[in-house]
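In: next come a sequence and a model predicted from it.
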Amino acid sequence: MINIIRTNSENKDFRELVKQLDADLAIRDGSEHTFYAQFNKVDMIKHVVVAYDNKTAVGCGAIKELTPTSMEVKRMYTSPESRGKGVASTLLNELEKWASELGNKKCLLETGKKQPEAIALYLKSGYKIVPNYGQYAGVKNSVCFEKTL
């Protein structure tokens, strides 16, 4: 059974999962990894969720304030052996719930075009593709999404 906890970026399981995520993204992004990595620091993130299967951390995600009424979904990851079991959907639902509880009206996010499984998750979860925002404007391998809460 999957159990989700709310925590922050000091959580050791979150930090370990992010290391795995970064290793995966370094391969997928190739020469563009350094560009993306600068926007994915995990210091001082107040709103983090970690998924556990029994007592093993199998997935994570976070939200950070983007505007006074919107949160940006960051650092979504599910370990390879736990994919296809609904972990990512459960994490995303919890992040959206938390964002709403904090008074936000929408969630935005960016993912890479080289992450088709992430794109499928966001489309399945009701996110709509929007023009690339902020630092991702004009970046051809980025795709940005938005969902009204």
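Out: Cool, got the structure.

In: show me where pLDDT drops low in this protein?
Out: Across the chain, the ranges flagged by pLDDT under 70 are 28-43.

In: pull the longest helix from it.
Out: Secondary structure assigned by DSSP state H gives helix 12-29 as the longest helix of the chain.

In: the residue nearest to the spatial centre of the chain: what's it in contact with?
Out: For the chain, the residue nearest the mean C-alpha position is residue 76 (2.8 Å; Cα atoms, centre = their mean). Shown in contact with residue 76 (Cβ atoms under 8 Å, 6 or more residues apart in numbering): 60-61, 88, 91-92, 109, 118, 121. C-betas here are computed from N, CA, C, even on glycine.

In: gap between it and residue 138?
Out: Residue 76 sits at a distance of 23 Å from residue 138 (criterion: Cβ to Cβ, to the nearest Å).

In: now residue 128. Nearest residue, chain neighbours left out?
Out: Leaving aside its sequence neighbours, residue 128 sits nearest to residue 146 (Cβ to Cβ, 6 or more residues apart in numbering; 5.8 Å).

In: okay, and the one you found sits in which element?
Out: strand 142-148 (DSSP states H and E).

In: what lies in contact with that strand?
Out: Against strand 142-148 from outside (Cβ under 8 Å, 6+ apart): 96, 105-113, 119, 122, 125-133, 136.

In: tell me the strands beside it, with direction?
Out: Its sheet considered, strand 142-148 pairs with strand 106-112 (antiparallel), strand 128-130 (antiparallel) by DSSP bridges.

In: which other residues reach stretch 44-57?
Out: Here stretch 44-57 makes contact (Cβ under 8 Å, 6+ apart) with 1-9, 11, 13-14, 16-17, 58-64, 71, 74-75, 78-79, 82, 87, 90-91, 94-95, 98-99, 102.

In: mind running it again at 7 Å?
Out: 2-9, 11, 13-14, 16-17, 58-64, 82, 87, 90-91, 94-95, 98 (Cβ atoms under 7 Å, 6 or more residues apart in numbering).

In: which of these are buried?
Out: 4, 7, 9, 11, 13-14, 17, 58-64, 82, 87, 90-91, 94-95, 98 (16 or more other Cβ atoms under 10 Å).
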